[in-house]
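Participant: The following comprises the amino acid sequence and a computationally predicted model.
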Amino acid sequence: MSLSPTIPDLYRYGILASRAIGVLSKSRNQPISEEEKEVLGESQELVRKMIRGEQFLFGSKLNEMAKIRPEDVEAFTFVLSSDAQVKNRAAKKGDLRVYFEHIVSTLESAIAPVGPPDPEAIQIARDFFARFADSLIEMAKEKRRRAAPGERRLGVPA
Amino acid sequence: MDKSAAVSALFLKAQQIFDNASRLSLLSFPSERPRDFALFLCEVCKRLQDLILQGHFNEVDERLVTMTTIFLVDEVAPMVRFIEGASSDNTPANLVLPLEKIGEATIAGAKFIVRRQWHYNYAAVELRSVLEPPLLRLPAKAEWQHVLDKLPSHLYAISFPYLEKDNAPLHVSLAHEIGHHVAQRYLAEEDGTEILDELHADIAQKITTEDAVQRAEEVGRGVTRANRLRQAALVELLSDAVSAHVFGPAALFALYEISSLSESMDKISADMHPPWHLRIWHMLEVLHELDFINKQSLTLTSWPQGLPPSVDQVKPTIDEWLGNLRVIVSERKDLAEIEKHVPSTCAYASVRKKLPDIRKFAAANCPKPAYEQSHFREEVPKLLERLYMGLPPNQVEHSLTKTQDVRLASILGSAWLYKLTCLASVFERDPKQYVEQVHTLHRLILKAIELCEVKTQYRESERKQREGGRGVTE
């Protein structure tokens, strides 16, 4: 079974993750607009999808889980296959869940700050989205390499 | 490339798409949809350029510029071909309006672009679902929302193989593409958690890897693959059922003709479509339930008695054609192919359980009134008689002054019976004669559809005039 990792909504998540990096790169005294808060909120939901996917594939009590959708499993499988750091953390029991939840709470404090931002936490979240966006750009390029059959050059095998 | 150069390249790409879409909007089209879509693409490009000029891309991460450029080049730019392929020169224009009507009766708020493609296949893509998620994530969301408000809630580009432009009976397959929307609704109503649990349980027990991470990855990929195979199979089989409800036996004849050009009848295709054998078997089940075909004897049901001599050769020919499907129905070589891999085995075990469900869903959600066996029995033999006389099969004539309207499905059904009967005797005659017969048939069918459409439009304008007149009097 040789399958390249894929994710539904490649461009949606590619653009979203790229924007999240931009927002998380803002300096402390630059305000975050409502639209940028929405970007962070949706990025949070994306990481929550990955958490649900992780629970589904590593957890043992499936019936105790929240409703899971196929895209949750796809999002987690994609990040597990394409991000070496995620894979390393998955090998240490519980570490990956803590990592994802840490990113979710970092995004939460960026949306509604209760104190000064934690630059290290922001850097971790930013790095995660940067690796994620890079994988999606690579996937988009890979998609292009597999040209549509209608565009195949005559006489050249696919 | 440094970021400002990348932003300029993005600006240029938007201009190139704008120029092409703008030029193509000047073509002649059988309906307004392709031009509207061309102008929409122009607006997308203009808005993106405005945002660049306003500095929205100055402070962003460079990955956003890269991703937006790839999206523009790989997803938006190829959409220009839908406009070009939908021009009056490239489509059987008489068929476009009736097909749009079938689609619009099936999907509230939906619009259609019917276009030719070079690739030999029928296909459908919902354009809004491709464009909206990325566009709404770009900077200035509210402005993008305003642009997207100009698109219908669903806009389908429905493609037919260019080679078959002048083969009207085969375009029955376009109803299958309209059925995709019904199928997507079925999938959206399913309980995703329950399905994933079922697939997970099945796949996890077949994977023997011990390393926990590797195992999770394999199970994750297996579940994803199985789920996609399952969804693709349900979509195709449900869309076939919709096509059978819309066009009756003609849906089976068209399905078979397309399948005969596939690389394999038994295998799941590279794009995850279910094996043709399964689809033909399932189509026969649907037509049997609708009482068009007897699946045991593989014959057309209730053919009327006392047919004129010009038509009486058709039934035995068609029954013989259907009889040849017995091999497919009895051997089912596709089953062994499906069992070769873990994800496909699990996916199709789940699909099999859902077959009665999807047939019920297709029946409840196909355009109303559905095409019934009684319509076929009453209209098709008389239309066949007209075809054998070289007349367009647009109406049934009871006397010089009394005529009866017929359904599009009966027109295309009679075309298929005529075509298959010609094909059955092709080796006894000059093959050139068959080519000539198919060309003539195509012209007669398009003329019949055009005459029906003119009549419908005339009646509609008469009705409006009457209602308008009454309003003034009142």
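Facilitator: Structure received.
Participant: Isn't B:R230 up against B:L199?
Facilitator: Yes - the criterion here is Cβ atoms under 8 Å, and B:R230 meets it with B:L199 at 7.4 Å. C-beta: built from backbone N, CA, C; applies to glycine.
Participant: show me what contacts residue 91?
Facilitator: I'll assume chain A. Applying Cβ atoms under 8 Å, 6 or more residues apart in numbering or on different chains to A:A91 gives the contacts B:A212, B:V213.
Participant: please go with chain B instead
Facilitator: B:T91 makes contact with B:P30, B:G85, B:V114, B:R115, B:R116, B:K165, according to Cβ under 8 Å, 6+ apart.
Participant: most neighbours, which of those residues?
Facilitator: Neighbour counts for these (other Cβ atoms under 10 Å in any protein chain shown) peak at B:V114, which has 30 neighbours.
Participant: Can you tell me the SS state at the closest residue to that residue other than its chain neighbours?
Facilitator: Excluding its sequence neighbours, the residue lying closest to B:V114 (Cβ to Cβ, 6 or more residues apart in numbering or on different chains) is B:V96, at 4.7 Å. Classification of B:V96 using DSSP: H, G, I helix; E, B strand; the rest coil returns helix.
Participant: is it true that B:V96 touches B:R115?
Facilitator: No - B:V96 is beyond contact range of B:R115, at 9.3 Å (criterion: Cβ under 8 Å).
Participant: overlap in contacts of those two?
Facilitator: By Cβ under 8 Å, 6+ apart, B:V96 and B:R115 have no common neighbours.
Participant: how about the strands in chain A?
Facilitator: In chain A, no segments count as strands under DSSP state E.
Participant: Spatially central residue in chain A, please.
Facilitator: Using Cα atoms, centre = their mean, the residue of chain A that lies closest to the mean C-alpha position is A:F132, 5.3 Å off.
Participant: Same check on chain B?
Facilitator: Central residue of chain B (Cα atoms, centre = their mean): B:E177, at 1.4 Å.
Participant: returning to that earlier point: the contacts of B:T91 in strands, which ones?
Facilitator: In this view, the contacts of B:T91 that belong to strands under DSSP E are B:V114, B:R115, B:R116.
Participant: Output the contacts of B:T91 in JSON lines; the columns should cover distance to B:L423.
Facilitator: Converted to JSON lines, the contacts of B:T91 look like this (distance: Cβ to Cβ, whole Å):
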{"residue": "B:P30", "distance to B:L423": "29"}
{"residue": "B:G85", "distance to B:L423": "28"}
{"residue": "B:V114", "distance to B:L423": "26"}
{"residue": "B:R115", "distance to B:L423": "28"}
{"residue": "B:R116", "distance to B:L423": "24"}
{"residue": "B:K165", "distance to B:L423": "19"}
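Participant: Reformat those residues into CSV and put distance to A:E142 and pLDDT next to each item.
Facilitator: Output for these, formatted as CSV (distance: Cβ to Cβ, whole Å; pLDDT from 0 to 100):
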residue, distance to A:E142, pLDDT
B:P30, 38, 92
B:G85, 27, 94
B:V114, 32, 93
B:R115, 27, 93
B:R116, 29, 92
B:K165, 34, 88
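Participant: Spatially, and excluding backbone neighbours, which residue is closest to residue 107.
Facilitator: No chain in the question, so chain A it is. Distances taken as Cβ to Cβ, 6+ apart put A:Q44 closest to A:L107, at 4.5 Å, once the chain neighbours are dropped.
Participant: Switch to chain B, please.
Facilitator: Nearest non-adjacent residue to B:I107, counting by Cβ to Cβ, 6+ apart: B:H181, 4.8 Å away.
Participant: shared neighbours of B:R230 and B:L199, anything?
Facilitator: B:A347, B:S350.
Participant: Now do the contacts for residue 75.
Facilitator: All of this is about chain A. Contacts for A:A75 (Cβ under 8 Å, 6+ apart) come out as A:I7, A:L46, A:K49, A:M50, A:G53.
Participant: let's do chain B instead
Facilitator: For B:E75, the contact set (Cβ under 8 Å, 6+ apart) comprises A:Y11, B:V130, B:L131, B:P134.
Participant: from those residues, which is closest to B:Q465?
Facilitator: Nearest to B:Q465 among those, counting by Cβ to Cβ, is B:L131 at 40.2 Å.
Participant: Now name the helix or strand holding that closest one.
Facilitator: helix B:127-135 (DSSP states H and E).
Participant: Ok, B:H245 next?
Facilitator: Counting by DSSP H and E, B:H245 is part of helix B:212-247.
Participant: for that helix, which positions count as buried?
Facilitator: For helix B:212-247, burial by neighbour count (16 or more other Cβ atoms under 10 Å in any protein chain shown) applies to B:213, B:215-247.
Participant: Is A:P117 in contact with A:L107, as I believe?
Facilitator: No - in terms of Cβ under 8 Å, A:P117 does not count as a neighbour of A:L107; the distance is 11.4 Å.
Participant: Looking only at neighbour counts, state which of these two leads.
Facilitator: More neighbours surround A:L107 than the other of A:P117 and A:L107, with 26 against 14 (other Cβ under 10 Å).
Participant: Would you agree the more buried one is in contact with A:E38?
Facilitator: No - the pair A:L107 / A:E38 is not scored as a contact, 11.7 Å apart, by Cβ under 8 Å.
Participant: nearest residue to the residue nearest to the centre of chain A other than its sequence neighbours?
Facilitator: In this structure, A:F132 finds its nearest non-sequential neighbour in A:A17, 5.0 Å apart by Cβ to Cβ, 6+ apart.
Participant: Going along the chain, name the helices of chain A.
Facilitator: A:10-24, A:34-58, A:70-82, A:84-91, A:95-111, A:119-145 (DSSP state H).
Participant: B:E372: which of these is closest?
Facilitator: With Cβ to Cβ, the closest approach to B:E372 among the helices of chain A belongs to helix A:70-82: 36.9 Å.
Participant: Longest helix of chain B, counting residues only.
Facilitator: helix B:431-473.
Participant: In a helix, B:S302, correct?
Facilitator: No - B:S302: not assigned to a helix; according to three-state DSSP it is coil.
Participant: who touches residue 107 in this structure?
Facilitator: Picking chain A for this. By Cβ under 8 Å, 6+ apart, the residues touching A:L107 are A:A20, A:L40, A:G41, A:S43, A:Q44, A:V47, A:A125.
Participant: Let me rephrase: I mean chain B.
Facilitator: Contacts of B:I107 (Cβ under 8 Å, 6+ apart): B:H154, B:Y156, B:I178, B:H181, B:V182.
Participant: Ramachandran angles for the second one?
Facilitator: The phi and psi torsions at B:Y156 (degrees, to the nearest 10) take the values phi -100, psi 130.
Participant: tell me, how many neighbours does the residue nearest to A:L107 end up with?
Facilitator: A:Q44, neighbours per other Cβ under 10 Å, totals 20.
Participant: repeat for B:D334
Facilitator: Other residues near B:D334 number 23, with proximity taken as other Cβ under 10 Å.
Participant: low pLDDT regions in the chain?
Facilitator: No chain specified, so I'll use chain A. Applying pLDDT under 70 to chain A picks out residues A:1-6, A:60-66, A:147-158.
Participant: looking at chain B here, not the other one
Facilitator: B:426-428, B:469-474.
Participant: rerun that using 80 as the cut-off
Facilitator: For chain B, the stretches with pLDDT under 80 are B:1, B:105-106, B:302, B:304-307, B:310, B:328-329, B:400, B:425-430, B:468-474.
Participant: My guess is A:D118 contacts A:S105. True?
Facilitator: No - using Cβ under 8 Å as the test, A:D118 is too far from A:S105 to be in contact (9.8 Å).
Participant: Can you give me the neighbour number for B:D211?
Facilitator: 10.
Participant: ok, now how distant is it from A:A90?
Facilitator: B:D211 is 11 Å from A:A90, where distance means Cβ to Cβ, to the nearest Å.
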